[in-house]
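**Q** okay, structure incoming, though there's no sequence with it:
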């Protein structure tokens, strides 16, 4: 009877091999790479207190120290709960700590801050009156913030120095402001027609063209070295197989094109949502309710 009782109460935890340096999701598939990015760019990490980040970093550091004492090919074994705890800590650390320096990235310039910090910028670009002053100001704010994020998260082994970053920043600001003012001039007949729908449409086109063109040019400047000298090709074992200028040009231009396309969801989804709400007469009449609804739409989109 005693043996049966002990067997009933005995709980055997299943353990699994674990390597902290192996990614949680397969990097050979799009879904795996996407989930990895979502883990480190989780906007809720922006609101974590510094104590939580330090706690996560301490856990990861201790796990790496333990791994140093393992023999080649030897693995640690943990239960699912412990592995989940470590993976969560890795996501927190990757969103707040620079991978090259190990230093904390300023909170507002972390990749996970893009959603919460981008909401007021989108507010200004899409919902402010499309005057020349507003276009210049909000495009400058957007490009300045983007430059800050790029600088804080830059690859420390990259060839682009501070002067190169300033050139890229200046070019992005100049391009976005020039394109924004140019599109405003083209849309002058539309802007002369009163109504919030026309203003929203004008702001959407101005913002998309300005942000997209600036992002395109900015990336070409930031990675100009790859266009001039090509990129290093490596085989499946990681061995260098020479440098290709043709592939370097192709990869940079394709990536630059994505910079032009990437703003589409963030700019057009709120616009379509607001247009539908306006036509359906679902916009709150009081100012606070309207601001809360606009904030929710921007955050979800």
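**A** Great, that's in hand. Note that the coordinates shown come from a computational prediction; the quantities given were computed from them, not determined experimentally.
**Q** once you drop chain neighbours, what's closest to residue 129?
**A** Closest residue to residue 129 apart from its sequence neighbours, by Cβ to Cβ, 6 or more residues apart in numbering: residue 199 at 6.8 Å. All C-beta atoms are positioned from the backbone trio N, CA, C, and that covers glycine.
**Q** the one you found reaches residue 130, doesn't it?
**A** Yes: shown here, residue 199 and residue 130 form a contact pair, counting by Cβ atoms under 8 Å, at 6.4 Å.
**Q** who touches both of the two?
**A** By Cβ atoms under 8 Å, 6 or more residues apart in numbering, residue 199 and residue 130 have these common neighbours: residue 191.
**Q** neighbour-wise, which of the two wins?
**A** residue 130 (24 against 18; other Cβ atoms under 10 Å).
**Q** just confirm the more buried one contacts residue 191, I think it does.
**A** Yes: applying Cβ under 8 Å as the test, residue 130 and residue 191 come out as touching, 6.3 Å apart.
**Q** which residues does the residue most central in space within the chain contact?
**A** The centroid of the chain falls nearest to residue 111 when counting by Cα atoms, centre = their mean (4.7 Å). When contacts are counted by Cβ under 8 Å, 6+ apart, residue 111 touches 40-41, 95, 149, 153.
**Q** which members of those residues are classed as buried?
**A** Neighbour counting by 16 or more other Cβ atoms under 10 Å classes 40-41, 95, 149 among those as buried.
**Q** out of those, the closest to residue 180 would be?
**A** For the buried ones among the contacts of residue 111, the closest approach to residue 180 (Cβ to Cβ) belongs to residue 149, at 20.3 Å.
**Q** not counting sequence-adjacent ones, nearest residue to that closest one?
**A** Nearest-residue entry for residue 149: residue 109, 5.0 Å, with adjacent residues in sequence omitted and distances by Cβ to Cβ, 6+ apart.
**Q** same question for residue 222.
**A** Nearest non-adjacent residue to residue 222 (Cβ to Cβ, 6+ apart): residue 168, at 5.2 Å.
**Q** what's the neighbour count on the one you found?
**A** Using other Cβ under 10 Å, residue 168 is surrounded by 24 other residues.
**Q** which stretches of the stretch 201-301 of the chain form strands?
**A** 231-234, 240-244 (DSSP state E, counting those that start in this stretch).
**Q** rounded mean pLDDT for the longest one, please.
**A** By that I understand strand 240-244. Averaged over strand 240-244, pLDDT sits at 79.
**Q** what pairs with that strand, parallel or antiparallel?
**A** According to DSSP bridges, strand 240-244 forms sheet pairs with strand 231-234 (antiparallel).
**Q** how about the partner strand: buried residues?
**A** Going by neighbour count (16+ other Cβ under 10 Å), the buried part of strand 231-234 is residue 231.
**Q** which residues does stretch 263-275 contact?
**A** Counting by Cβ under 8 Å, 6+ apart, 118, 122, 126, 197, 200-201, 204, 207-208, 211-212, 215, 283, 294, 297-298, 301 sit against stretch 263-275.
**Q** what mean pLDDT does that stretch have?
**A** Mean pLDDT, computed over stretch 263-275, is 84.
**Q** what's the burial count for residue 175?
**A** Using other Cβ under 10 Å: residue 175 sits among 21 other residues.
**Q** pretty sure it sits against residue 217.
**A** Yes: assessed by Cβ under 8 Å, residue 175 is found in contact with residue 217 at 5.1 Å.
**Q** distance from the chain centre to stretch 182-195, please.
**A** Distance, stretch centre to chain centre, for stretch 182-195: 32 Å (Cα atoms, centre = their mean, to the nearest Å).
**Q** contacts for it?
**A** Applying Cβ under 8 Å, 6+ apart, the external contacts of stretch 182-195 come out as 130, 132, 135, 198-199, 201-202, 205-206, 209-210.
**Q** ok, back up a step: let me have the contacts of residue 111 in a markdown table, extended by secondary structure, pLDDT and distance to residue 288.
**A** Converted to a markdown table, those look like this (DSSP: H, G, I helix; E, B strand; the rest coil; pLDDT from 0 to 100; distance: Cβ to Cβ, whole Å):
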| residue | secondary structure | pLDDT | distance to residue 288 |
| --- | --- | --- | --- |
| 40 | helix | 84 | 34 |
| 41 | coil | 86 | 30 |
| 95 | helix | 92 | 31 |
| 149 | helix | 85 | 30 |
| 153 | coil | 80 | 35 |
